[in-house]
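*Asks:* Dropping a prediction and its sequence here:
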Amino acid sequence: MKQSLRAKRMAKHHRRMNQAPKLNLVSLMDIFTILVFFLLVNSSDVEVLQTDKSIKLPASVSDIVPENNLVVMVSAEDIVVAGQRVGSVASVLASTEDKYAPLETELKYQASKARPLTEEEKLTGRPVTIMGDQTIPYALLKKIMATCAAADYRDISLAVSQTAVSDDAQGAEG
C-alpha cells in the first residue's frame, strides 16, 4: 500500500524525534576561542602593584598607568625597598638630616644591580614608585623623595588607588 505524502512526512518526523540528540561542538569551540582571545588582549592593560595590608593608598582620578619599576613601600611603621626592610618611620622622622642614609644605601645597591642608564635616563634619573600610606606625614614623604633624588632616582611616581571622576569634579574641569 502506498503512503500519502502526509503519512511519509509524519513517519520521517517520528524517526527524527526518536533519535538521541546531538551536541554541535563546533560553535561551542568558536565561542570559547573568542573568549580566550578577548581575555588575553584585555588582560595586558592591567597593571597591579603588590600592596601590603598595612598600606592604604590615597585615592586619585589619574588615568596615567605607572611603569613597572623599583617600589619603595612606606607603611605606618616601616620602609621597604623591593621587599627588603631598610628602616622604621620613627627613625626617619627623628632624624634631623634631609636624607635617610639606609634608604639611600639600598637605592644605590638596587641601581648597581640594574642595567646602565640610557642618555635620556641620565637626564631624568632612574624611575621609582613610592607606595606610601595615606596617613604618613608630608615631612616623611619629603625626606624619602629627597633620598631617592640623591640616589639618582629622580623619576618619582606616587602610587594611588584609582577612583572614578565625580560629576562635580568634571564640571569644575570643563
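*Replies:* Good, I have the coordinates. Numbering: from 1, shown residues only.

*Asks:* which intervals of this structure have sub-threshold pLDDT?
*Replies:* 1, 43-68, 162, 164-174 (pLDDT under 70).

*Asks:* Just the strands from it, written as ranges.
*Replies:* Here the chain has its strands, by DSSP state E, at 59-60, 70-74, 78-81, 84-88, 127-132, 155-158, 161-162.

*Asks:* May I see the ones you listed arranged in CSV, with distance to residue 119 and mean neighbour count as well?
*Replies:* Using the backbone N, CA and C atoms, a C-beta is placed for each residue, glycine as well. Formatted as CSV, these follow (distance: least, Cβ to Cβ, whole Å; neighbours: other Cβ atoms under 10 Å):
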stretch, distance to residue 119, mean neighbour count
strand 59-60, 31, 12
strand 70-74, 20, 21
strand 78-81, 26, 21
strand 84-88, 30, 15
strand 127-132, 15, 21
strand 155-158, 14, 16
strand 161-162, 32, 12
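
*Asks:* Turn those into a markdown table, columns for distance to residue 36.
*Replies:* What follows is those, written out as a markdown table (distance: least, Cβ to Cβ, whole Å):
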| stretch | distance to residue 36 |
| --- | --- |
| strand 59-60 | 33 |
| strand 70-74 | 31 |
| strand 78-81 | 37 |
| strand 84-88 | 38 |
| strand 127-132 | 32 |
| strand 155-158 | 33 |
| strand 161-162 | 27 |
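
*Asks:* out of those strands, nearest to residue 41?
*Replies:* Within the strands of the chain, the stretch nearest residue 41 is strand 161-162; the backing value is 20.8 Å (Cβ to Cβ).

*Asks:* how about the strands of the chain, which one is nearest residue 96?
*Replies:* So among these, strand 84-88 is nearest, using Cβ to Cβ, at 15.2 Å.

*Asks:* Need the residues that contact that closest one.
*Replies:* 77, 78, 79, 80, 100, 102, 103, 105, 106 (Cβ atoms under 8 Å, 6 or more residues apart in numbering).
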